[in-house]
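*Asks:* Sequence and predicted structure are below.
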Protein chains: 2
Amino acid sequence: MPGRKAPESVRRDEILRAAYRVAARDRLGGLTIRAVATEAGVSAGLLLFHFESKDGLLIDLLDWMLSHTIVAGEFHQRAPAGLPPIAWLLSIVERDLAHLLKQRERVELFYDYWVLGTRHPVIRRLIRRALHRYRDAFRPAAHAIIASQPERYAQLTADDLAGVCAAFIEGCATQTILDPSRFNAQRAMVTLHALILPSAGADTSSLAHVASHITYP
Amino acid sequence: MPGRKAPESVRRDEILRAAYRVAARDRLGGLTIRAVATEAGVSAGLLLFHFESKDGLLIDLLDWMLSHTIVAGEFHQRAPAGLPPIAWLLSIVERDLAHLLKQRERVELFYDYWVLGTRHPVIRRLIRRALHRYRDAFRPAAHAIIASQPERYAQLTADDLAGVCAAFIEGCATQTILDPSRFNAQRAMVTLHALILPSAGADTSSLAHVASHITYP
DNA sequence: ATTGACATTGAACGTGCGTTCAACGAGGTT
DNA sequence: AACCTCGTTGAACGCACGTTCAATGTCAAT
């Protein structure tokens, strides 16, 4: 039964929430206009009245997801006192990794979008921006590392270091999602510590400290 | 014009090759039965005569791709003389990374399949197997590292180490494909060297050696 | 020559999708 | 009370897809 019901902004939000519910359940492959409309309790026509096309819905949903969660950057801009810069960076990597694994649903969806973005310029731009923000969260710690031993890291930039951290995390996410029973993120983290931290005995304790205060799924 | 033309095995191979050409050009989203049939110069009906369904075609194509390229494991089972184990592992990582970046087309397709595999059990199994083989290529070198300093790496297994290497490479591939202008794989490799190799001056030369004999796209 | 097996086609079917649109009714305005 | 705005519906359109199938021509065996 037609008639004015809700103002535009409210309806849009209801529909976006329904779209996310559908996508979380059936992925982007199952995200059809009719499915979202049914989930939201409205007609398909209304959905296209509020979002001009399916492309528009997809883009707005990605935007909504990116602003409503995922990236947990924007903190840890200052080094914790007493922690060597490398251990600081590793602790950020560890926190981000744990955080990522806790929202597997969202990460899977994000990969769907990633693949879509290979073809779709607008989505590609959005995903790039998100990954850049992600990478940038590592830069303060990366910069501190380089500053702490300028002669050793003379050839590196904070951006390179941040990129490597991001690559590690993204690779861990890839493997965890595909094969959770064979890839153990916590063990990967311990391995990374052992590889990177100097081998002295004193640092082993800082390893244990950093690697234990976060729980993995 | 109907009539017997080619034996089953030949036609199947022609069609698979055409399917790959279509997929390389238009990705899995553009891989329709009609598109492949046209590319192969046959009718859609014939395609489904040789492959029982589109699912069958997709699976056989992935199988074909996996057996006709991609993974470059199965070599480097013995350590090159005089190279420290860690440098050996890094050289394998570097070679694999360079190799991966040279077949970007295939890697993109592989990600398409990866996403498909999240929903499709058979494809998921195939991709898992491929990634396991990939990981296993690192195990000999990983084992050598642990054996070289048993006390330092007491808590690690060769599998963990191999998993971290695979994560790094997969993460690099993710970033390169999404944003080739901002992610530089060679710099990532140099960064990894600087992070992992001991800081002594002598090792810097081995870094330069390892990092320079491969060209990146 | 006849037969039979089978590769091959073209047309058709059914389905699910994105999208359009005329009709409608509940506000607020006059 | 009349009117306009606009959120809302339901049915429909057109398309592209996966799939089916009767018809047909070719080849090897008989």
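*Replies:* Cool, the structure landed.
*Asks:* now check the host helix or strand of A:Leu131, is it near chain B?
*Replies:* In this assignment (DSSP states H and E), A:Leu131 forms part of helix A:121-136. Yes: counting by CB under 8 Å from any CB of the partner chain, chain B is contacted by helix A:121-136 at A:Arg124, A:Ile127, A:Arg128, A:Leu131, A:His132. Just so you know, the C-beta spots here come from the backbone N, C-alpha and C atoms, and that holds for glycine as well.
*Asks:* Adding distance to B:Val42, neighbour count and pLDDT, write those out as JSON lines.
*Replies:* JSON lines is the format used below for the residues of helix A:121-136 next to chain B (distance: CB to CB, whole Å; neighbours: other CB atoms under 10 Å in any protein chain shown; pLDDT from 0 to 100):
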{"residue": "A:Arg124", "distance to B:Val42": "35", "neighbour count": "17", "pLDDT": "95"}
{"residue": "A:Ile127", "distance to B:Val42": "38", "neighbour count": "23", "pLDDT": "95"}
{"residue": "A:Arg128", "distance to B:Val42": "40", "neighbour count": "16", "pLDDT": "94"}
{"residue": "A:Leu131", "distance to B:Val42": "42", "neighbour count": "22", "pLDDT": "92"}
{"residue": "A:His132", "distance to B:Val42": "46", "neighbour count": "13", "pLDDT": "92"}
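*Asks:* Other residues contacting the helix holding A:Leu131?
*Replies:* A:55, A:58-59, A:62-63, A:66, A:70-71, A:73, A:96, A:110, A:113-114, A:116-118, A:159, A:162-163, A:165-166, B:175, B:178-179, B:182 (CB atoms under 8 Å, 6 or more residues apart in numbering or on different chains).
*Asks:* Likewise for stretch A:39-57?
*Replies:* A:8, A:11-12, A:14-15, A:17-19, A:21-22, A:33-34, A:36-37, A:60, A:120, A:122.
*Asks:* First-to-last residue distance for it?
*Replies:* End-to-end distance of stretch A:39-57 (CA to CA, to the nearest Å): 14 Å.
*Asks:* Give the buried residues for it.
*Replies:* A:Glu39, A:Ala40, A:Val42, A:Leu47, A:His50, A:Phe51, A:Leu57 (16 or more other CB atoms under 10 Å in any protein chain shown).
*Asks:* right, is it up against DNA strand C?
*Replies:* Yes: Stretch A:39-57 is in contact with DNA strand C by CB under 7 Å from any atom of the strand, via A:Ala44, A:Gly45, A:Leu48, A:Ser53, A:Lys54, A:Asp55.
*Asks:* Out of these, which comes closest to A:Ala137?
*Replies:* Taking CB to CB as the measure, A:Asp55 is the one of those closest to A:Ala137, at 29.8 Å.
*Asks:* Quick check: what element follows the helix or strand hosting the closest one along the chain?
*Replies:* Taking DSSP H and E as the criterion, A:Asp55 maps to helix A:54-68. Using DSSP H and E, the next helix or strand after helix A:54-68 towards the C-terminus is helix A:85-102.
*Asks:* and that following helix, what does it pack onto?
*Replies:* helix A:139-148, helix A:158-178, helix A:185-196, helix A:201-212 (3 or more CB pairs under 8 Å, 6 or more residues apart in numbering or on different chains; DSSP states H and E).
*Asks:* Tell me which of those helices sits nearest to B:Pro85.
*Replies:* helix A:185-196 (12.0 Å).
*Asks:* elements contacting the closest one?
*Replies:* By 3+ CB pairs under 8 Å, 6+ apart, helix A:185-196 packs against helix A:85-102, helix A:158-178, helix A:201-212, helix B:158-178, helix B:185-196.
*Asks:* quick check: angle from that helix to helix B:85-102?
*Replies:* Helix A:185-196 and helix B:85-102 are oriented at 120 degrees to each other (axes from the mean of the first three to the mean of the last three CA atoms, to 10 degrees).
*Asks:* Next one: stretch A:19-26, is it in contact with chain B?
*Replies:* No: figure legend: stretch A:19-26 not in contact with chain B (CB under 8 Å from any CB); closest approach 8.8 Å.
*Asks:* If you count neighbours, what's buried in that stretch?
*Replies:* Result for stretch A:19-26 [16+ other CB under 10 Å]: buried residues A:Ala19, A:Tyr20, A:Val22, A:Ala23.
*Asks:* just to revisit the earlier point, ok, of the helices and strands packed on helix A:185-196, where does mean pLDDT dip lowest?
*Replies:* If the helices and strands packed on helix A:185-196 are sorted by mean pLDDT, helix A:201-212 sits at the bottom with a mean of 43.
*Asks:* Setting aside sequence neighbours, what's the nearest residue to A:Glu8?
*Replies:* A:His50 (6.8 Å; CB to CB, 6 or more residues apart in numbering or on different chains).
*Asks:* Give me the distance between the one you found and DNA strand D.
*Replies:* From A:His50 across to DNA strand D, the span is 7 Å (CB to the nearest atom of the strand, to the nearest Å).
*Asks:* Phi, psi for that residue please.
*Replies:* Phi and psi for A:His50, reported as degrees, to the nearest 10, are phi -90, psi -40.
*Asks:* now A:Leu156
*Replies:* phi -100, psi 160.
*Asks:* confidence score at it?
*Replies:* A:Leu156 is given a pLDDT of 93.
*Asks:* Same question for A:Leu83.
*Replies:* 85.
*Asks:* Verify the contact between it and A:Leu90 for me.
*Replies:* No: with contacts counted by CB atoms under 8 Å, A:Leu83 stays clear of A:Leu90, the gap being 9.6 Å.
*Asks:* Quickly note the distance from A:Leu47 to B:Ala40.
*Replies:* 39 Å (CB to CB, to the nearest Å).
*Asks:* Repeat that for A:Cys172.
*Replies:* Taking CB to CB, one finds A:Cys172 at 40 Å from B:Ala40.
*Asks:* what does A:Ala35 give?
*Replies:* Counting by CB to CB, the gap from A:Ala35 to B:Ala40 is 34 Å.
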